[in-house]
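Got a predicted model here, sequence first, then my questions.
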Amino acid sequence: MSSISMKILVPADINVPSHIKKVGIANRSLPDKENKWWNIAEGFITGESIFADREGSENTLKGLANQLNNSPRFTAVIIEGIDLRGSGTRLFPEPLNGEKIDELCKRFDVDALILLETFDSDIRFKQGQRTVEKKDKEGRKYNEIEYLADIGINVRSGWRIYDFQNKTIVDENVFTDEKGWNGTGRTPQAALNALPSKRRAINDAGFFSGTMYGRRISPGWTNVSRSYFKKGTAEFKVAKRFVKTNNWDGAGQIWENYINNNDPKVGGRATYNMAVLNEVKGDLNKALEWANKSYQDFGLRKAKSYIETLKRRISDEQRLDKQMN
């Protein structure tokens, strides 16, 4: 079989009201005066860079904005120049009142506010060594010690979406994720040098955390792979060349000649390929009809799993219709 890759739009995990199209993203995770001393003390105690979480939280906003603006669902702007303070801890502050929501949404001309209400990061760091077998120029084997180092950043970000029109909180969610890096070298220092700095690691993990929350609330593009049969008859090879040049109509004309073939192997493959063709063209219901024919009429086992894939896509399309209004 051969495979092709295509980009599809997948639905968000939750449905955001359709009237929300432009959103303002802001940081409310910074501590107020009462909690600021603890934030600084924690930096000394844990060995983290002072104010590293501040930078990390700002990168979390950038990750979210990037994800939302790459989706056809939202337009997102990062709101700067305002002072919204939270607890500076993992605890959510009290929700913004309606008056403040009105003020900010009107001021920045947005339909909703997405606030990073909490942000916290934990650093895990380990070192070690192992013996690896190598060969010299003459092919003789010898053992060498290789030094290892790895750093893991656990980021916990808490979000709220404030709906300007309905004066409600659309979503309140805490997203936790860990991102890690590994380094190796001939010396312990060389292994350490292969790792990003703690500050950069927190920033990268924060950006990734924002991206993940964006996937929760907005449809996004993803790449999927599909396989099709390149063998069946001599003409299937010609159809493969058509597919490689994105001439699906040409390939389809060849496969259609064999959809009722007496050889179940050829007929099953031709109808299966017609299902893939229709999915590529965006006609999921027609694709499902061809996949069912491939399995029911010719007993092609691979078509059975493809039928389930298409059913999930059809269900996702229905969710997308609601989310995209």
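Okay, I see it.

which residue sits closest to N325, ignoring its sequence neighbours?
Spatial nearest neighbour of N325, excluding adjacent residues (C-beta to C-beta, 6 or more residues apart in numbering): S18 at 3.7 Å. C-beta coordinates here come from the backbone N, C-alpha and C atoms, glycine included.

let me fix that: A270
Y258 (3.8 Å).

wouldn't the one you found be in contact with F229 here?
No. If you go by C-beta atoms under 8 Å, Y258 and F229 don't touch, sitting 10.4 Å apart.

So for those two, which residues contact both of them?
R269, A270 (C-beta atoms under 8 Å, 6 or more residues apart in numbering).

okay, now Q165: neighbour count?
11 (other C-beta atoms under 10 Å).

Three-state assignment for P196, please.
coil (DSSP: H, G, I helix; E, B strand; the rest coil).

sec struct for P95, please.
P95 - assigned by three-state DSSP - is coil.

how near is it to I101?
9 Å (C-beta to C-beta, to the nearest Å).

in the protein, which helix or strand is least confident?
Sorting the helices and strands of the chain by mean pLDDT, DSSP states H and E puts helix 33-46 at the bottom, at a mean of 49.

Might you report the residue contacts of I254?
E235, F236, V238, A239, F242.

Correct me if wrong: the fourth one contacts A251.
This points to A239. Yes. In this structure, A239 is within contact of A251 by C-beta under 8 Å, at 4.1 Å.

can you list residues touching both of the two?
Contacts common to A239 and A251, judged by C-beta under 8 Å, 6+ apart, are N273.

how many neighbours does the closest residue to G86 other than its chain neighbours have?
Excluding its sequence neighbours, the residue lying closest to G86 (C-beta to C-beta, 6+ apart) is P93, at 4.1 Å. Using other C-beta under 10 Å, P93 is surrounded by 20 other residues.

Next: N285.
Neighbours of N285 (other C-beta under 10 Å): 10.

for S305, same thing?
11.

so how far is E55 from it?
45 Å.

any idea how far R199 is from L148?
Taking C-beta to C-beta, one finds R199 at 22 Å from L148.

so what pLDDT did the closest residue to E279 other than its chain neighbours get?
Closest residue in space to E279, ignoring its immediate chain neighbours: A287 at 4.1 Å, by C-beta to C-beta, 6+ apart. A287 is assigned 98 on the pLDDT scale.

List the residues that contact A287.
Here A287 is in contact with A275, V276, L277, N278, E279, L310 (C-beta under 8 Å, 6+ apart).

roughly how far is stretch 213-230 from the heart of the chain?
9 Å (C-alpha atoms, centre = their mean, to the nearest Å).

ugh, wrong one, I meant stretch 60-68
12 Å.

repeat for stretch 270-286
Going by C-alpha atoms, centre = their mean, where stretch 270-286 is centred and where its chain is centred differ by 26 Å.

picking that back up, what's around the residue nearest to A270, how many residues?
Neighbours of Y258 (other C-beta under 10 Å): 22.

ok, back up a step: tell me which of P95 and I101 has more neighbours.
I101 (20 against 14).

can you give me the helices in the chain?
With DSSP state H applied, the chain shows helices at 33-46, 52-69, 98-108, 188-193, 198-217, 234-244, 248-256, 264-281, 284-298, 301-324, listed in chain order.

which residues does the residue nearest to N325 contact?
S18 neighbours (C-beta under 8 Å, 6+ apart): K322, Q323, N325.

What pLDDT is listed against it?
91.

how much space between it and K322?
S18 is 8 Å from K322, by C-beta to C-beta.

need the contact list for R54.
L30.

if I look at it, how far off is N66?
19 Å.

Just the closest of the contacts of I254 to R216, please.
F242 (39.6 Å; C-beta to C-beta).

Now for the closest one, how many residues are close by?
Neighbour tally, F242, other C-beta under 10 Å: 17.

Serialize the contacts of A287 to CSV and add fields for distance to T75 and pLDDT.
Output for these, formatted as CSV (distance: C-beta to C-beta, whole Å; pLDDT from 0 to 100):
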residue, distance to T75, pLDDT
A275, 36, 98
V276, 34, 98
L277, 35, 98
N278, 33, 97
E279, 30, 98
L310, 32, 98
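
which of the residues you listed lies closest to V110?
E279 (36.7 Å).

was I right about the closest one contacting I314?
No. Under the criterion of C-beta under 8 Å, E279 lies out of contact with I314, with a separation of 10.4 Å.

For the residue of the chain positioned farthest from its centre, give me the pLDDT.
Most distant from the centre of the chain: E138, at 47.1 Å, with distances by C-alpha atoms, centre = their mean. pLDDT recorded at E138 is 85.

quick one: contacts for the residue nearest to F74 when sequence neighbours are not counted?
In space, and not counting its chain neighbours, F74 is closest to L68: 4.4 Å by C-beta to C-beta, 6+ apart. Residues near L68 by C-beta under 8 Å, 6+ apart: V23, I25, F74, T75, A76, G214, I217, S218.
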